[in-house]
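**Q** below are the sequence and a predicted model for it; my questions follow.
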Amino acid sequence: MIAHHQIETRPWLAETAISDIEARYPDCAVLKMRGDCMCPTIREDDYALIDLRQTRFREDDIYALQEPGGHVLVRRVQRIFAVSGWVRIACDNPRYDSHDLELMELTIVGRICAIVQRR
């Protein structure tokens, strides 16, 4: 089961908070999380800030990825050192399976640069 997400350009954040975010990350988008695939790191209804400039895999981290159908999902991407050019796509929630794929098949929307948690 894959949880799908919707990118929001102006979420519930106050205008001053958005201005601060845009000043620090001018190419930033906000994604409201749905589902529990990234728990406990990112919970449902948290907001993930995506740095849209970072569309290439450089290091193990959490990224926004685009599926062939256009859906955006957030996953941990990890280099597989035993196999050159391959990465592991994983959820932080151990109830979900990870899968491996060639880096060239991966479409990265951006790197998650911050998480705003709902209480």
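**A** Nice, I can see it. Numbers count the residues shown, from 1 in each chain.

**Q** look up how far residue 100 lies from the residue of the chain most remote from its centre.
**A** Taking C-alpha atoms, centre = their mean as the measure, the residue most remote from the mean C-alpha position of the chain is residue 82, 24.5 Å away. Distance of residue 82 to residue 100, computed by C-beta to C-beta, to the nearest Å: 10 Å. For the C-beta atoms, the positions are set from N, CA and C on the backbone; glycine is no exception.

**Q** contacting residues around the residue farthest from the centre of the chain?
**A** If you count contacts by C-beta atoms under 8 Å, 6 or more residues apart in numbering, residue 82 has none.

**Q** can I assume it sits in a strand?
**A** No - counting by DSSP: H, G, I helix; E, B strand; the rest coil, residue 82 falls outside a strand, being coil.

**Q** C-alpha coordinates for the helix or strand harbouring residue 88, PDB please?
**A** Assigning secondary structure by DSSP states H and E places residue 88 in strand 86-90. C-alpha atoms of strand 86-90 as PDB (Å, rounded to 0.1, in the frame of the first residue of the first chain):
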ATOM      1  CA  TRP A  86      21.200   1.300  -7.300                       C
ATOM      2  CA  VAL A  87      19.300   2.800  -4.400                       C
ATOM      3  CA  ARG A  88      16.900   1.400  -1.800                       C
ATOM      4  CA  ILE A  89      13.500   3.200  -1.500                       C
ATOM      5  CA  ALA A  90      12.200   2.700   2.100                       C
END
